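*Asks:* return a 3D structure for these sequence lines:
(one chain, ligands or ions: 1)
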Amino acid sequence: MRIFLDTANIEEIKRAARLGVVSGVTTNPSLVSKEGTADYEAIIKEICSIIPGPISTEVLVEGVEPMIEQARQIATWAPNVVIKIPAGTDGLEVTSVLAKEGIKVNFTLCFSLNQSLLGALAGASYVSPFIGRLDDAGHNGMDLLEDIVEVFDHYQLDTEVIAASIRHPQHCLTAARIGAHIATVPYNVLMQMIRHPLTDIGISRFMSDWKQASK
Ligand code: E4P
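*Replies:* Residues are numbered from 1 along each chain as shown. Below is the predicted model:
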């Protein structure tokens, strides 16, 4: 399972890039708006220059024609940009047009297997089921992820499944067990994935034992 970072924060992206485990970034309008900039193009271009992998960038308009027009524009910003199109009837039409033009789409805000399947059939490169938001609504997000992975495997679809709206490390390991292609994680979850108190205790014991022996 590959790891994408779910943020638009440049410092977080730079720090995570140095760890050598992040192969893409997902942003959304809420994440970008938290960064206090109105220059969408500049921040996305900067992210695209830090991480060479796919950088998901959502359209900021609604309706078929406005989404297609904006997606085509965003697609010129960098070679690694991927356009996030929200699931829905308009989103499906937009995805099929963009896919035919060779523009990569992340079919986002998926909350059902049917939405994900249709996104894949329309030519999306990625589908993003929002695990945490389903859990918040009293459903089991991982059940949906499992269904999508199983059905996509069964029909050997090329579309990759991104476990999105990840809230904690348990989500990551379940997503990996299920066989999601990618988990997109907030920076704090990435940090939680690597830390373990027994590792910290182990390091400090090794250091103090060595200090004693070398006195
Ligand atoms: C994914 O592409 C989305 O940006 C993200 O995972 C949404 O997560 P949230 O439910 O924590 O906002």
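*Asks:* in this structure, where's the longest helix?
*Replies:* For the chain, the longest helix by residue count, based on DSSP state H, is helix 197-213.
*Asks:* that one: how far from the chain's middle?
*Replies:* Counting by Cα atoms, centre = their mean, to the nearest Å, helix 197-213 is centred 36 Å from the centre of its parent chain.
*Asks:* what do you get for stretch 27-38?
*Replies:* Taking Cα atoms, centre = their mean, the mean C-alpha location of stretch 27-38 is offset from the chain mean by 15 Å.
*Asks:* what's in contact with it?
*Replies:* Outside stretch 27-38, the residues that touch it by Cβ atoms under 8 Å, 6 or more residues apart in numbering are 6-10, 40, 43-44, 47, 55-58, 60, 84, 108. Backbone N, C-alpha and C define where each C-beta goes, glycine included.
*Asks:* ok, 6 Å please
*Replies:* With contact meaning Cβ atoms under 6 Å, 6 or more residues apart in numbering, stretch 27-38 is reached by 7, 8, 43, 57, 58, 60.
*Asks:* near the ligand, from those residues?
*Replies:* Of the residues in these, proximity to the ligand by Cβ under 6 Å from any ligand atom holds for none.
*Asks:* okay, now the closest residue to residue 129 other than its chain neighbours: neighbour count?
*Replies:* Spatial nearest neighbour of residue 129, chain neighbours left out: residue 110 (4.6 Å); criterion: Cβ to Cβ, 6 or more residues apart in numbering. Using other Cβ atoms under 10 Å, residue 110 is surrounded by 28 other residues.
*Asks:* same deal with the one 10 residues further on?
*Replies:* Using other Cβ under 10 Å, residue 120 has 23 other residues around it.
*Asks:* let me see the contact set for it.
*Replies:* Here residue 120 is in contact with 157, 159 (Cβ under 6 Å, 6+ apart).
*Asks:* which element is it on?
*Replies:* In the assignment (DSSP states H and E), residue 120 maps to helix 113-121.
*Asks:* got the buried residues for that helix?
*Replies:* Neighbour counts over helix 113-121 (16 or more other Cβ atoms under 10 Å) mark 113, 115, 116, 117, 118, 119, 120 as buried.
*Asks:* same check, this time on stretch 1-9
*Replies:* Buried residues in stretch 1-9, defined by neighbour count with 16+ other Cβ under 10 Å: 2, 3, 4, 5, 6, 7, 8, 9.
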